[in-house]
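1. need a structure here:
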Amino acid sequence: MILKKNSLWADAIKRIKKDKIALVSFFIICFYFALAILAKLGLIATNYAEPNLGPNYAPPSAEFWLGTDIFGRSVLSRVVQGTKTAITIGFLASSVSIPIGVTLGALAGYFGRWVDDLVVWFYTTVASIPGILLIVSLSYVLGPGLVNAFIAIGLTSWVRLCRVVRGEFIKHKNREYAHAAQALGFSHIRRIFIHILPNVYPIILINFSLSFVFAIKSEVILSYLGLGVEIGTPSWGVMINDAKLELARGIWWQLGAATGFMFFLVLAFNLFNDSLRDALDPKSRQ
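-> Numbering: from 1, shown residues only. Have a look, this model is predicted:
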């Protein structure tokens, strides 16, 4: 089983290396992560909050590559800091939603019966509420802030993963290796987390990518509505909200920078996720 799993990952890596779209998407993602890390360490874009760096509403130029905003702040510095906020939200929200979805899905699929009925009822109830409305409602109750934003997003984005993991556990618990582990007298916890769960890792990895993108888009929406990050924290949603009335005056660069950065990150994640899913699909290798 271990050799089989190792060959699965090795084969997936080889297939991704041969996929030019996947490689380009991967390097774009790495570029965004590098920007976020450098911004977090204070090595780049440290002047994002300084006003009067240039004329108000200065268009893109050699000095200010993406222009300045109403206060003369560098749009490039602010959009790079917004990248740090987006990546942070993606990781933190996924760190909340992934454990919830995996745990509930594993318990429901493995034990079945009343445990399955209870988990299915729970995620069906949550799924019956429109996701963005639930996120907005929780954010309104918790208040604006980076911590509250990722909690609200994480607590509402686990349903899809829970469904998928539940289905995978129902399938795997009836396979020979699971029955062999049971015959050897291994505990339920060992069978769930040591024997079955590693075979579900590819599904979890793919859903992590999806959850990451969902968290980024949700944070932009929340910040646009004033329910996301704190005042003064750079965010693509805040930049879009600040620039929404500037288009009528022909001032497009702040809106274009925020939406452009978000577009390429989300697109790269989606394309890479598609390639990763195909590479990890055993049926596509037959």
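2. State which helix of this structure is the longest.
-> Identified as the longest helix of the chain according to DSSP state H is helix 75-111.
3. so where do the helices sit in the chain?
-> Going by DSSP H, the chain shows helices at 2-17, 20-40, 75-111, 113-127, 131-142, 146-154, 159-172, 176-183, 188-190, 201-224, 236-243, 253-280.
4. can you redo those helices as a markdown table with mean neighbour count?
-> The way it works is simple: take the backbone N, C-alpha and C, and place the C-beta from them, glycine included. Output for those, formatted as a markdown table (neighbours: other C-beta atoms under 10 Å):
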| stretch | mean neighbour count |
| --- | --- |
| helix 2-17 | 12 |
| helix 20-40 | 16 |
| helix 75-111 | 23 |
| helix 113-127 | 14 |
| helix 131-142 | 17 |
| helix 146-154 | 23 |
| helix 159-172 | 21 |
| helix 176-183 | 13 |
| helix 188-190 | 11 |
| helix 201-224 | 22 |
| helix 236-243 | 22 |
| helix 253-280 | 19 |
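5. rank these by mean pLDDT and give me the bottom one.
-> For these, mean pLDDT drops lowest on helix 2-17, to a mean of 68.
6. Return the residues in contact with the residue nearest the centre of the chain.
-> Closest residue to the average C-alpha location of the chain: residue 212 at 0.5 Å, with C-alpha atoms, centre = their mean. Applying C-beta atoms under 8 Å, 6 or more residues apart in numbering, we find residue 212 in contact with 90, 91, 94, 269.
7. again, 7 Å this time
-> 90, 94, 269 (C-beta atoms under 7 Å, 6 or more residues apart in numbering).
8. Leaving aside the residues adjacent along the chain, what's closest to the second one?
-> The shortest distance from residue 94 to any residue that is not its chain neighbour, by C-beta to C-beta, 6 or more residues apart in numbering, is 4.6 Å, and that residue is residue 211.
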